[in-house]
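In: got a sequence here, can you model it:
(one chain, ligands or ions: 1)
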Amino acid sequence: MTFVALRKCPSCGGELDAWAGVAWMSCRDCPRAWDLFSGPPEKIVTYRPAEEDSANRPEARLPLFLFGTRSGAEEAVVWIPAYRAAGARSDSDVASVLTERKHRPALVEAPLGCALARGPREALALFDALHPSDEDGTLAWQVLVSLPVRLAGGSLHEPVSNLWLDVPGIRPRVLART
Ligand SMILES: [Zn+2]
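Out: I've put the predicted structure just below:
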């Protein structure tokens, strides 16, 4: 897996972080991710947890799509990985734990701080595959978030919510830069 900076952000001129072979790229300097290869370039806004301690830099950032579903008055969230973790049992381990715990941090617009291994359409396809029925409600919204993480042995620690996540095989190199 190659980590490359290919192009400049059409909004701010910042460098874009990308994985080789993945169309979607995230800006290092502004809260945008881009697909510059589609007809007119497509963009989405990127977010981080609002309560993140900016003075305390994380070792790495973990990109995920967050889907909001609605069933009557009930809202739920579904996390879909935007990273790939070589050697982990499944790309979806961390995301499924976050979904099970109904993890829903307050979010603010911010640069993602890591490259994407999956764009919004691929994430939606994965969401549909994992949630084929309407029993979880209908999809109401979708955002792209990166969570700060520290690595301790085979575990990830997410300090905003103090979540510990057991992810054998995940490595900082896979998660890219902060
Ligand atoms: Zn930018």
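In: for the rest of this, base every contact and every neighbour count on C-alpha atoms.
Out: Fine.
In: direction included, what does the lengthiest strand in the chain pair up with?
Out: Longest strand in the chain, counting residues (DSSP state E): strand 138-152. Here strand 138-152 is paired, per DSSP bridges, with strand 42-49 (parallel), strand 60-71 (antiparallel), strand 155-158 (antiparallel).
In: now the longest one, how far from the centre of its chain.
Out: With Cα atoms, centre = their mean, to the nearest Å as the basis, strand 60-71 stands 7 Å off its chain's centre.
In: how about the residues of the chain by the ion?
Out: C9, C12, G14, C27, C30 (Cα under 5 Å from the ion).
In: name the residues of the longest strand of the chain that are buried.
Out: Neighbour-count burial for strand 138-152 flags L139, Q142, V143, L144, V145, S146, L147, P148, V149, R150, L151 (criterion: 16 or more other Cα atoms under 10 Å).
In: how about residues contacting that strand?
Out: Strand 138-152 is contacted from outside by 44-49, 52, 58-71, 112-114, 156-160, 171-172, using Cα atoms under 8 Å, 6 or more residues apart in numbering.
In: can you do 6 Å?
Out: Strand 138-152 is touched from outside by 46-48, 58-70, 112, 156-158, with contacts defined as Cα atoms under 6 Å, 6 or more residues apart in numbering.
In: for ChimeraX, what selects the buried ones among those?
Out: Here is the ChimeraX command that selects the buried residues among the contacts of strand 138-152 (16+ other Cα under 10 Å):
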select :46,47,48,58,60,61,62,63,64,65,66,67,68,69,70,112,156,157,158
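In: list the buried ones in the lengthiest helix in the chain?
Out: The longest helix of the chain (DSSP state H) is helix 120-130. For helix 120-130, burial by neighbour count (16+ other Cα under 10 Å) applies to P120, A123, L124, L126, F127.
In: and that helix with strand 138-152, angle?
Out: 100 degrees (axes from the mean of the first three to the mean of the last three Cα atoms, to 10 degrees).
In: could you export helix 120-130 as PDB, CA atoms only?
Out: Extracted in PDB, the C-alpha atoms of helix 120-130 (Å, rounded to 0.1, in the frame of the first residue of the first chain):
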ATOM      1  CA  PRO A 120     -18.600   7.600   0.100                       C
ATOM      2  CA  ARG A 121     -20.200   5.300  -2.500                       C
ATOM      3  CA  GLU A 122     -18.100   2.300  -1.400                       C
ATOM      4  CA  ALA A 123     -19.100   3.100   2.200                       C
ATOM      5  CA  LEU A 124     -22.700   3.200   1.200                       C
ATOM      6  CA  ALA A 125     -22.400  -0.100  -0.600                       C
ATOM      7  CA  LEU A 126     -20.800  -1.600   2.500                       C
ATOM      8  CA  PHE A 127     -23.600  -0.100   4.700                       C
ATOM      9  CA  ASP A 128     -26.200  -1.600   2.500                       C
ATOM     10  CA  ALA A 129     -24.500  -5.000   2.600                       C
ATOM     11  CA  LEU A 130     -24.200  -4.900   6.400                       C
END
